[in-house]
Structures are given as structure tokens and as C-alpha cells.
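K.L.:
quick one, structure for this:
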Amino acid sequence: MTATAASAPSQGISNSFRWTQLIIGLICMAMMANYQYGWTFFVGPMAKAHNWEIASIQVAFSLFIAFETWLTPIEGFIVDWIGPRGPKIMVAIGGVFAACGWLINSRADSLEMLYFGAILSGTGAGAVYATCVGNAVRWFPDRRGLAVGLTAAGFGAGAALTVIPIQKMITSIGYADTFFWFALGQGGIVFVLAWILRPPRAGEVPTASAVKVLQSKTSSNPGQVLRSPLFWILYLMFIAVSASGLMVTAQLSVIAKDYGVAQTIILFSLPTLTLAGIIDSLCNGGARPFFGWVSDQIGREYTMAIAFSLGAIAYWLLGTAGTTPWAFVICAAIVFFTWGEIFSLFPSTTTDIFGPQYATTNTALMYSAKGMSAFVVPLANVLKTHTGSWHAVFVVASVLNILVVAAALFVVRPMRMNAAEKQSAVAQPAE
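P.N.:
Numbers count the residues shown, from 1 in each chain. Coordinates of the predicted model:
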């Protein structure tokens, strides 16, 4: 590894073209956001319409997350294997699969059918996610944290604009028709934009020359990555932080209802839950480019320590002080702001360590950790039922974040510094 920075892009292509690629990826990600962050608004109406248990419905959410993440290494490998046409083909297919998933949800009259819809939509959303992130880290070696953060922000904040429309449509035409029309709109936009995407060609991106963060001089293939202890340490860290965030993401409306604040009007005739949904999406999305940019300046591990320490405090506050309307909105916003950055920090760290050549596959391997964490979501309901409150759930989330901070500072960074020294020593004789 070496501390390097990027020179100006090649004369062969304008700098605006790679920003166009980034913006297209961001929009495609935004179209996938509701599949995760809009889910919470459908849970109650589905439970009421079919007399299904909420815990049973949330199995669909876990399946969505699992298939959104666990298949991404395969999807990433296919993108890398196809070559220049890989991104457009995979994103187009992803848009079709995601749309089909919600179309099935709109007609699901059994839990099994709902689960099948979740599997399809998860597969599609993962294909879009993995491809757009892989494209971003390749186009922006000089601003990797920021570029991945902006791309991931589409997924984190994309639901903010549709929180109110989704709730109003569910109220006026029912959850089933809302699933139907959003499926067509979101999937259609992704399918059209997909054909603009492509990876950079030789000479189209900046070359490394003195950036502020450690970056490997060589690229590791997926097999080498899977044999690396550092990858698995990062993988466990990702699971810990992701699990804590998903517990709140999937249960936000349930938590608000249990606190008795969900329908309390607090601002511009908006109830607490609606306002929280909007602000949380913005905070979740904004955290990704913000902490990605910070990590480009001070390093990935130090940024992880700052963000996840704040996250531990935020979960504790939500469990102890978030029981009034405004406190709930503020505490939930802090939680989302200190959770969403994992989707910029971990992909950029993975590419820094293992290089850009197999970036789509390698970042997808890391992203699959989110699927492992998804199965913690139903356990949160079990813990809440057993203890009688959400306090224990938030204590667990706080502890997980503190453990990750310790791992970032005292395990990951020393291992990366040691690897950098060895790589420099190997390169020294040739110089």
C-alpha cells in the first residue's frame, strides 16, 4: 500500500463525463431506495389486511436484504466478466427484477408469495447496488470515499422524496396498488438509464500519485480477497454496524407506535413518523458522502472511529430519551446519520486494500455482510417482547458500535500499516 494522490484525468475524456456516470448511478440507486426504506410503511397495512403477524411479515424484509446482498458477489463477477457492457446489462436486469418483486407483492395473498416477491426485488436491488458502487470506485480513484458516498446516498436518501406520496397513496388507494405503481415507475426509470452506464477505459481516470489515504499498488482477485484475514475482520465489523442500523430501519414505525408518538402532529401538519421518515432518509443519505469525504481527508479507520462512537451514543439516546415526539425525531435522525456511512466507508476501504481491477466483485463480497446482518431484525422483536421494551435492543446496538470502533483503531489500522510497510520494502530494491 502507499499514500498516493491522483493527477488530472486523461485528455481522452472530459471530467464531466465521469460525473455523468456518477449521477446516473446515483439516480438508479435512488430508484431502489424504497425497496428497503419505504418497506416500513407497508408492514402495518399488510398485517391488517391479511391478519398476518408482524414478525412473519418482517421475514420478507430479511429475505429481501439477504438476496439483495448475498447474490451481489455473483452479480459483480458477471459484470467484471462481461467487460465494458457489464454495468448496463446488469443494472437493466436489476431494474426488471426489482419491479417484478413489488408487482408480486401487490397481488400477494399468502406469506409465501410475499416472500417470493421479496426474493425477486432483493435480487434486482442488489444487482443495481453492486454495479453502481463498483462503477463509482473505478471512475474516482482520487475521490473514492466521496464518490462511493454520493452513489450510496442515492440509496439512503432516495426514499425521502416519496415518504409522503407512499403514505398518501396507501391511505387513498391501498397498499397493493401503491406497490404496483411504484414498481412500474421505479423499475422503468432504472431500465432506461442503465444503458448509459459503462466502466472507464484505459487513460480515462486519474492516475495515482500522492493521496492522503493508504492504497494498494496491486489488485487482488476475489480468491485472494477471501483468503485475507483483514477482509474477514472488516466483514464482521460490517455485520455488527449494519445489524444495529437495520433493527431501527425495519422497525421505525413499530417503535414510534410503541412509544405512542407515531401520529402526533408536530410540524407543518406532519405526524411524527412521517417527519422522522423524511429527515431520517436525508440524514442516512447525507452521511454517506459526508463521511466518505472525511475519510478521504483523515483516513478510513479514524473516520470509522468518529462515526461509530457517535452511533453508540445515538442508539443509547433513542432508547432512553426518544419517547417524546421531537426527541424521537432528533434521536432517530442521529442514528441514521451515524449508520448510513458504512456504505461508503467499507467499499472504499475494500478497494483501497485490494485494488480497483476486481472492484465490483470485491466490494460486492463485502456488501454481502449486510445480508448476514438482516437476520438480526426479527431477533430485535424477540428481545423487545422478552424484555418488554426497546431499551435492551438499543443497548445491544450501542455495544456493537463500540466494539467496531475498537477493531478499526486497534486491529484494522495496524494491520494495514504493516501491510504497507511490507509492500514498500518489496518495492524498494526495484527502485
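K.L.:
chain neighbours aside, what residue packs nearest to the residue nearest to the spatial centre of the chain?
P.N.:
The centre of the chain sits closest to residue 343, judged by Cα atoms, centre = their mean, with a distance of 4.5 Å. Nearest residue to residue 343, sequence neighbours excluded (Cβ to Cβ, 6 or more residues apart in numbering): residue 152, at 3.9 Å. Bear in mind the C-beta positions are built from the backbone N, C-alpha and C, glycine included.
K.L.:
and the one you found, helix, strand or coil?
P.N.:
Using DSSP: H, G, I helix; E, B strand; the rest coil, the structure places residue 152 in helix.
K.L.:
after the lowest-mean-pLDDT helix or strand in the chain, next one along is what?
P.N.:
When the helices and strands of the chain are scored by mean pLDDT, DSSP states H and E, strand 2-6 comes last with a mean of 43. Scanning forward in sequence from strand 2-6 by DSSP states H and E, the next helix or strand is helix 15-37.
K.L.:
next, the buried residues of that following helix.
P.N.:
Buried positions in helix 15-37, judged by neighbour count with 16 or more other Cβ atoms under 10 Å: 18, 21-37.
K.L.:
follow-up on the earlier one: how many neighbours does the residue nearest to residue 343 have?
P.N.:
By the criterion of other Cβ atoms under 10 Å, residue 152 has 32 neighbours.
K.L.:
can you check the pLDDT for it?
P.N.:
Looking at residue 152, its pLDDT is 83.
K.L.:
pretty sure it contacts residue 340?
P.N.:
Yes. Using Cβ atoms under 8 Å, residue 152 makes contact with residue 340 at a distance of 7.5 Å.
K.L.:
okay, and the common contacts of those two?
P.N.:
Common neighbours of residue 152 and residue 340 (criterion: Cβ atoms under 8 Å, 6 or more residues apart in numbering): residue 288.
K.L.:
so residue 285 is in contact with residue 150, correct?
P.N.:
No. With contact defined as Cβ under 8 Å, residue 285 does not count as touching residue 150 (9.3 Å).
K.L.:
okay, the two: which has more neighbours?
P.N.:
A count of neighbours by other Cβ under 10 Å puts residue 285 above the other of residue 285 and residue 150, at 30 against 24.
K.L.:
next, that one: secondary structure please.
P.N.:
State at residue 285, reduced to three classes by three-state DSSP: helix.
K.L.:
not counting sequence-adjacent ones, nearest residue to it?
P.N.:
Of all residues not flanking residue 285 in the chain, residue 157 sits nearest, at 2.1 Å (Cβ to Cβ, 6+ apart).
K.L.:
what about that neighbour, how many residues close to it?
P.N.:
The number of residues near residue 157, taken as other Cβ under 10 Å, comes to 27.
K.L.:
next SSE downstream of the helix or strand hosting residue 256?
P.N.:
Residue 256 belongs to helix 229-259 when elements are defined using DSSP H and E. Using DSSP H and E, the helix or strand that follows helix 229-259 in sequence is strand 265-267.
K.L.:
and the gap between the residue nearest to the centre of the chain and residue 259?
P.N.:
Distance, residue 343 to residue 259, by Cβ to Cβ, to the nearest Å: 27 Å.
K.L.:
could you do residue 271 as well?
P.N.:
Following Cβ to Cβ, the distance that separates residue 271 from residue 259 is 13 Å.
K.L.:
residue 121 too?
P.N.:
Noted for residue 121: a distance of 29 Å to residue 259, by Cβ to Cβ.
K.L.:
between these two, which one's more packed in?
P.N.:
residue 121 (34 against 19).
K.L.:
secondary structure class for the more buried one?
P.N.:
helix.
K.L.:
what about the residue nearest to it when sequence neighbours are not counted, which helix or strand?
P.N.:
The spatially closest residue to residue 121, leaving aside those adjacent along the chain, is residue 101, at 2.5 Å (Cβ to Cβ, 6+ apart). Using DSSP H and E, residue 101 sits in helix 86-107.
K.L.:
do residue 404 as well
P.N.:
Take DSSP H and E as the rule and residue 404 turns out to sit in helix 391-407.
K.L.:
need the contact partners of stretch 374-387.
P.N.:
Outside stretch 374-387, the residues touching it (Cβ under 8 Å, 6+ apart) are 54-55, 58-59, 61-62, 64-66, 69, 243, 246-247, 250-251, 390, 392-393, 396.
K.L.:
which among these end up buried?
P.N.:
Looks like these have 58-59, 61-62, 64-66, 69, 243, 246-247, 250-251, 390, 393, 396 buried, using 16+ other Cβ under 10 Å.
K.L.:
out of these, the closest to residue 203 would be?
P.N.:
Closest approach between the buried ones among the contacts of stretch 374-387 and residue 203, by Cβ to Cβ: residue 69, at 33.6 Å.
K.L.:
neighbours of residue 387, how many?
P.N.:
The tally of other residues near residue 387 (other Cβ under 10 Å) stands at 12.
K.L.:
numbering from 41 from now on, please.
P.N.:
Okay, using 41 as the starting number, the last item reads as residue 427.
K.L.:
distance check, it against residue 421.
P.N.:
Using Cβ to Cβ, one gets 11 Å for the distance from residue 427 to residue 421.
K.L.:
cool, and residue 265?
P.N.:
Distance from residue 265 to residue 421, by Cβ to Cβ: 35 Å.
K.L.:
between the two, which is the more surrounded one?
P.N.:
Taking neighbours as other Cβ under 10 Å, residue 265 and residue 421 compare with residue 265 leading, 22 against 18.
K.L.:
quick check: which helices or strands does the one helix or strand the more buried one maps to pack against?
P.N.:
Element membership for residue 265 (DSSP H and E) is helix 262-266. Identification of packing neighbours for helix 262-266 by 3 or more Cβ pairs under 8 Å, 6 or more residues apart in numbering; DSSP states H and E yields helix 382-394, helix 399-407.
K.L.:
pLDDT of the shortest one, averaged?
P.N.:
Think helix 399-407. pLDDT averaged over helix 399-407 gives 88.
K.L.:
mind exporting whichever helix or strand comes after it as PDB, just the C-alpha atoms?
P.N.:
Of the helices and strands lying after helix 399-407 in sequence (DSSP H and E), the nearest is helix 409-414. The C-alpha trace of helix 409-414 is given here as PDB (Å, rounded to 0.1, in the frame of the first residue of the first chain):
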ATOM      1  CA  ALA A 409     -22.300  -8.900   5.100                       C
ATOM      2  CA  LYS A 410     -25.400  -6.800   5.100                       C
ATOM      3  CA  GLY A 411     -27.400 -10.000   4.200                       C
ATOM      4  CA  MET A 412     -25.900 -11.700   7.300                       C
ATOM      5  CA  SER A 413     -27.000  -8.800   9.500                       C
ATOM      6  CA  ALA A 414     -30.600  -8.800   8.100                       C
END
